[in-house]
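Asker: Pasting a predicted model and its sequence here:
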Amino acid sequence: MNLSTTDYLFMKYKKLAVPLLEVVNDYYPHLSKAKMMERARQQEFPFTCFRLDGSQKAPYFVHLNELAKLFDEQYLDASKLKALNF
């Protein structure tokens, strides 16, 4: 049984819509909360950030499929670059 990146991320987060704050804490620890919010409002992350409510106080979420796709794309790009360097 081969598990996909989505499967592994689901095991980690145990939800399909992951709070952006959790993603940032795990993978963008260099960003402040203010910078995270700015990037989310401007849709400057390499994945879609969305709110389930129209309130400005509602948290942003990231769909697990988009996060998994980003991981897979970044890995593929890096592996192609590495192959070119050999």
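Answerer: Happy to help now that I have it.
Asker: Show me which residues of stretch 55-65 are buried.
Answerer: By neighbour count with 16 or more other C-beta atoms under 10 Å, stretch 55-65 contains the buried residues 59-62, 64. No exception for glycine: its C-beta is placed from N, CA and C like everyone else's.
Asker: and if you look at stretch 30-48?
Answerer: Those would be 36-37, 39-40, 45, 47, for stretch 30-48 by 16+ other C-beta under 10 Å.
Asker: Could I get the buried residues of stretch 55-65 in a markdown table, plus columns for pLDDT?
Answerer: Converted to a markdown table, these look like this (pLDDT from 0 to 100):
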| residue | pLDDT |
| --- | --- |
| 59 | 97 |
| 60 | 98 |
| 61 | 99 |
| 62 | 99 |
| 64 | 98 |
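Asker: Please report how far the residue most central in space within the chain lies from residue 41.
Answerer: Among the residues of the chain, residue 67 comes closest to the average C-alpha position under C-alpha atoms, centre = their mean, at 3.9 Å. Applying C-beta to C-beta, to the nearest Å, the value for residue 67 to residue 41 is 19 Å.
Asker: Kindly report the same for residue 57.
Answerer: From residue 57 to residue 41 the distance is 13 Å (C-beta to C-beta).
Asker: still on that earlier bit, quick one: which of the buried residues of stretch 55-65 is nearest residue 15?
Answerer: For those, the minimum distance to residue 15 (C-beta to C-beta) is 7.4 Å, reached by residue 64.
Asker: Now do the same contact list for that closest one.
Answerer: 6, 9-10, 13, 15-18 (C-beta atoms under 8 Å, 6 or more residues apart in numbering).
Asker: mind redoing it with 7 Å?
Answerer: Shown in contact with residue 64 (C-beta atoms under 7 Å, 6 or more residues apart in numbering): 6, 9-10, 13, 16, 18.
Asker: Kindly report the same for residue 49.
Answerer: 20, 40, 43, 60, 62.
Asker: and with 8 Å instead?
Answerer: Per C-beta under 8 Å, 6+ apart, neighbours of residue 49: 20, 39-40, 43, 60-62.
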